[in-house]
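Asks: Pasted the sequence and its predicted model underneath.
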2 protein chains.
Amino acid sequence: MINIQQLSQELGIGIDTLRVWERRYGCPKPQRDRHGHRSYTEEQRQELGIVRKLQDLGERPGNIFALSPQQRQRLLEKRVTDRAPADDDLRQLALTLPIVELTIALRHRLSSSGLYDFIHKTAVPLLHLLGYGWVEGSISIAREHFISDLIESMLQAELRRQAVAEEAPHLLFLNLSGERHRLGLLMAAALFQLEGCRSRLIQEHLPLNEVAPLAKELAADAVALSFSGQYPELKAKKELVELRRKLPAQIKLIAGGSALKNKVYLPGILLCSDLHQIPDIRKHLFGAAQQGQKEQP
Amino acid sequence: MINIQQLSQELGIGIDTLRVWERRYGCPKPQRDRHGHRSYTEEQRQELGIVRKLQDLGERPGNIFALSPQQRQRLLEKRVTDRAPADDDLRQLALTLPIVELTIALRHRLSSSGLYDFIHKTAVPLLHLLGYGWVEGSISIAREHFISDLIESMLQAELRRQAVAEEAPHLLFLNLSGERHRLGLLMAAALFQLEGCRSRLIQEHLPLNEVAPLAKELAADAVALSFSGQYPELKAKKELVELRRKLPAQIKLIAGGSALKNKVYLPGILLCSDLHQIPDIRKHLFGAAQQGQKEQP
DNA sequence: GTTATATTTCTGTCTAGGACAAATAACCAC
DNA sequence: GTGGTTATTTGTCCTAGACAGAAATATAAC
């Protein structure tokens, strides 16, 4: 039994939105407490979690609520298995392995396969499985958060551990999409650093018009922004164009995130719709300079 | 010119609250755009920033809005200088030093004075100066965020760098106060680790009833929670008592944060109202075991 | 004087239902 | 297919009132 505010926070859906959904689709139909305030059950929370995930995958509310809860569940399972080919090993890791062993297994994977493969073959599919995957109902919130926190801290440690050459290009990574989706940016930063750049990541949310002065003061060679799927596409474009205008020409601008899936062309802005493009982007921007970077013992 | 949502996010004040303040105190009196929507100026943003900070320091809205903007500003300056004795060196660091040099200066302080002194003599007063200190109007948001981000990453690196003995007590640090105030918990974690504990920090927001199972699964020896000043005191107490009930007796419970400033006594719960108490708490909980911990090269 | 309990004031968050811009889909011409 | 219009969907804002829970103050008891 939770109130509307808690529900809103846990799901990342606005309070107004929850109320208007109830009005329009009749769907999150909460009980009322003795003061007439909405009171949601754990079951409703889970149901809305599925709705939220379908929405993230591009489905629209009108269509989602036209389905029954069972249909929604099936649809989500289908979408997830379509996108993240079910590696059974990873599946077991995500869903059932005790977290102490899971920690060890992840560290092992990182050290045996290297950062590049770790990101592409472990972190990305694992997070995908987590984000959309506890449809099966068996993962606790604590487990979900613990695992993403773990991956985040592993990546940050790697980012710090790698030494880069003094004269390497200096990239500034910024997150504009609220607090969520920090991991996408972090992975991009790690991959760029692997390509011989110096990545500097700022987690806190910055107003757009403070970005250009900061980049100048830091003498960055490029600024990289990430827009989550939630971010309205047009807004993202406008902001990018404006930032490009404010930024000196010698500072490059890189944009990524699922909000920019359509391969629109914006002058002077490099789109990175897939982490796999990073090596090419790096070459395109800074030429084929020193690729290998030393690692500290 | 920003809308109410942006203002709410940047200040950490709810939309409803902003509207009700306008209704009651007539104070954030925004212009309206052509649709009748509220539109705030940069100046108003700054003014409300001061209000917010006074509130954090314990002042109540009714009293704050009874003052003129100038009086508010003066009051805040007084409160800040009272609390953080103005170290001119640090002041210059926070307010005027170019951030590149600032980074170097901070790293230098850390390596020369050690983690303990760095936290107590640099990080705490610096953050205080930042959090309440850009009253002087001269610090940009970007600078504020950059510096706290920098300190956070330095502390996290230290946390990871320090090796602790296998058999050291295992502490689990959790943040219940939303996304802000991560730094207080991080500093506590670092200080406990310095006292020979193994600190594990989880940044993401967890529902209270998931805490006990997680602590059990991780075989933690203690759980440490932080409640920010915003957190209602009674709620914090209730939640602590409930958590204590759910947690096995052998897992200790430590609570900190400015929400618990009144030294109430709760059975089975250790209050840590000041970072300086940490060495004592550690001794009290786990005896005077191996104090020194090795550092990795 | 201190501690406990009741009363009052203050403050944030909830409610309803309407409005409407921005985002997206559907359509149509080229 | 590509570009531009129209229709629909969807999230966020609006007003203004209600009221619970927190904090401050007053009152009583030791």
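Replies: Right, received. Where do you want to start?
Asks: Just checking stretch A:38-51 against DNA strand C, any contact.
Replies: Yes: remark: stretch A:38-51 sits within contact range of DNA strand C at A:R38, by CB under 7 Å from any atom of the strand. No exception for glycine: its C-beta is placed from N, CA and C like everyone else's.
Asks: swap in stretch A:201-215?
Replies: No: on the criterion CB under 7 Å from any atom of the strand, stretch A:201-215 is out of touch with DNA strand C, staying 14.4 Å away.
Asks: quick one: terminal-to-terminal distance for that stretch?
Replies: One end of stretch A:201-215 to the other measures 12 Å (CA to CA, to the nearest Å).
Asks: One more: stretch A:212-232?
Replies: 22 Å.
Asks: wait, does that stretch make contact with DNA strand D?
Replies: No: contact of stretch A:212-232 with DNA strand D (CB under 7 Å from any atom of the strand) is absent, the minimum separation being 8.2 Å.
Asks: mind showing which ranges of the stretch 101-250 of chain A have poor pLDDT?
Replies: A:132-138, A:177-180 (pLDDT under 70).
Asks: Need phi/psi at the one residue in it that gets nearest to DNA strand D.
Replies: For the stretch 101-250 of chain A and DNA strand D, the shortest gap (CB to the nearest atom of the strand) falls at A:Q230, measuring 8.2 Å. A:Q230 has phi and psi values of phi -70, psi -30 when expressed as degrees, to the nearest 10.
Asks: repeat for A:P125
Replies: Residue torsions, per degrees, to the nearest 10, at A:P125 are phi -60, psi -30.
Asks: Now for it, how many residues are close by?
Replies: 19 (other CB atoms under 10 Å in any protein chain shown).
Asks: Pull up the gap between the residue of the stretch 101-250 of chain A closest to DNA strand D and A:G12, please.
Replies: 8 Å (CB to CB, to the nearest Å).
Asks: Buried residues, the longest helix belonging to chain A. List them.
Replies: Secondary structure of chain A per DSSP state H: the longest helix is helix A:141-161. Neighbour counts over helix A:141-161 (16 or more other CB atoms under 10 Å in any protein chain shown) mark A:141-156, A:158-159 as buried.
Asks: and it with chain B, contact?
Replies: Yes: counting by CB under 8 Å from any CB of the partner chain, contacts between helix A:141-161 and chain B involve A:I141, A:A142, A:H145, A:F146, A:S148, A:D149, A:E152, A:S153, A:Q156, A:A157, A:R160.
Asks: For the second one, which non-adjacent residue is spatially closest?
Replies: It stands for A:A142. Distances taken as CB to CB, 6 or more residues apart in numbering or on different chains put B:E210 closest to A:A142, at 3.8 Å, once the chain neighbours are dropped.
Asks: Quick check: residues of chain A near DNA strand C?
Replies: Going by CB under 7 Å from any atom of the strand, the residues of chain A near DNA strand C are A:3-5, A:15, A:19-20, A:23, A:32, A:36-38, A:60, A:232-235.
Asks: quick one: the residue nearest to the spatial centre of chain A and chain B, what's the gap?
Replies: With distances taken as CA atoms, centre = their mean, the residue of chain A nearest its centroid is A:H181 (3.0 Å). Distance, A:H181 to chain B, by CB to the nearest CB, to the nearest Å: 13 Å.
Asks: So for that residue, what's the nearest residue that isn't a sequence neighbour?
Replies: Using CB to CB, 6+ apart, the nearest residue to A:H181 is A:S228, at 4.1 Å.
Asks: Phi and psi next, for the one you found.
Replies: The phi/psi pair for A:S228 (degrees, to the nearest 10) is phi -70, psi 170.
Asks: how about the helix or strand containing A:L76: buried residues?
Replies: Using DSSP states H and E, A:L76 maps to helix A:69-83. Buried residues in helix A:69-83, defined by neighbour count with 16+ other CB under 10 Å: A:R72, A:Q73, A:L75, A:L76, A:R79, A:V80.
Asks: so the fourth one sits right up against A:I50, yeah?
Replies: Yes: look at A:L76 against A:I50 with CB atoms under 8 Å: they come within range, at 5.6 Å.
Asks: Can you classify A:A224 as helix, strand or coil?
Replies: strand (DSSP: H, G, I helix; E, B strand; the rest coil).
Asks: so what's it bridging to?
Replies: A:F173, A:I254 (DSSP bridges).
Asks: How much space separates the residue of chain A positioned farthest from its centre from chain B?
Replies: Centroid-distance maximum for chain A: A:R34 at 39.4 Å, with CA atoms, centre = their mean. Going from A:R34 to chain B by CB to the nearest CB gives 19 Å.
Asks: hang on, isn't A:G196 packed against A:A163?
Replies: No: between A:G196 and A:A163 there is no contact under CB under 8 Å: 10.9 Å.
Asks: ok, A:P267 to DNA strand D distance?
Replies: 15 Å (CB to the nearest atom of the strand, to the nearest Å).
Asks: quick one: the longest helix of chain A to helix B:141-161, angle?
Replies: 90 degrees (axes from the mean of the first three to the mean of the last three CA atoms, to 10 degrees).
Asks: outside of helix A:141-161, which residues touch it?
Replies: A:10, A:94, A:99, A:102-103, A:106-107, A:110, A:115, A:119, A:123, A:126-127, A:130, A:134, A:182-183, A:186-187, A:189-190, A:193, A:199, A:201, A:295-296, B:153, B:156-157, B:160, B:202-207, B:210-211, B:213-214 (CB atoms under 8 Å, 6 or more residues apart in numbering or on different chains).
Asks: ok, A:E42 - contacts?
Replies: A:I2.
Asks: B:E22 versus that one, what's the distance?
Replies: Counting by CB to CB - A:E42 and B:E22 are separated by 37 Å.
Asks: ok, which stretches of the stretch 101-250 of chain A are strands?
Replies: A:170-175, A:198-202, A:222-226 (DSSP state E, counting those that start in this stretch).
Asks: sorry, back to before: the residue farthest from the centre of chain A: what secondary structure?
Replies: coil.
Asks: Could you report the pLDDT at it?
Replies: Looking at A:R34, its pLDDT reads 87.
Asks: how deep is A:T41 tucked in, by neighbour count?
Replies: There are 12 residues near A:T41, going by other CB under 10 Å.
Asks: which non-adjacent residue is nearest it?
Replies: A:T41 sits nearest to A:M1 (CB to CB, 6+ apart), 6.6 Å away.
Asks: nearest residue to the residue in chain A that DNA strand D sits nearest to other than its sequence neighbours?
Replies: Distances between chain A and DNA strand D by CB to the nearest atom of the strand are smallest at A:G62, namely 2.5 Å. In space, and not counting its chain neighbours, A:G62 is closest to A:Y25: 7.8 Å by CB to CB, 6+ apart.
Asks: Give me the pLDDT for the one you found.
Replies: At A:Y25, pLDDT is 94.
Asks: and what of A:D274?
Replies: pLDDT at A:D274 comes out at 83.
Asks: Flag every residue of the stretch 1-150 of chain A that's near chain B.
Replies: A:Q9, A:E10, A:P98, A:I99, A:V100, A:S140, A:I141, A:A142, A:H145, A:F146, A:S148, A:D149.
Asks: and the fifth one, what does it touch?
Replies: Okay, so that is A:V100. Going by CB under 8 Å, 6+ apart, A:V100 touches B:E217, B:L218, B:A219.
Asks: where do the helices sit along the stretch 101-250 of chain A?
Replies: All helices of the stretch 101-250 of chain A, identified by DSSP state H, counting those that start in this stretch, fall at A:124-133, A:141-161, A:182-194, A:211-217, A:233-246.
Asks: want to throw the ones you listed into JSON lines with distance to B:P267?
Replies: Shown next, in JSON lines, are the helices of the stretch 101-250 of chain A (distance: least, CB to CB, whole Å):
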{"stretch": "helix A:124-133", "distance to B:P267": "38"}
{"stretch": "helix A:141-161", "distance to B:P267": "26"}
{"stretch": "helix A:182-194", "distance to B:P267": "38"}
{"stretch": "helix A:211-217", "distance to B:P267": "49"}
{"stretch": "helix A:233-246", "distance to B:P267": "52"}
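Asks: Out of those, which is closest to B:F173?
Replies: Closest approach to B:F173 among these (CB to CB): helix A:141-161, 11.3 Å.
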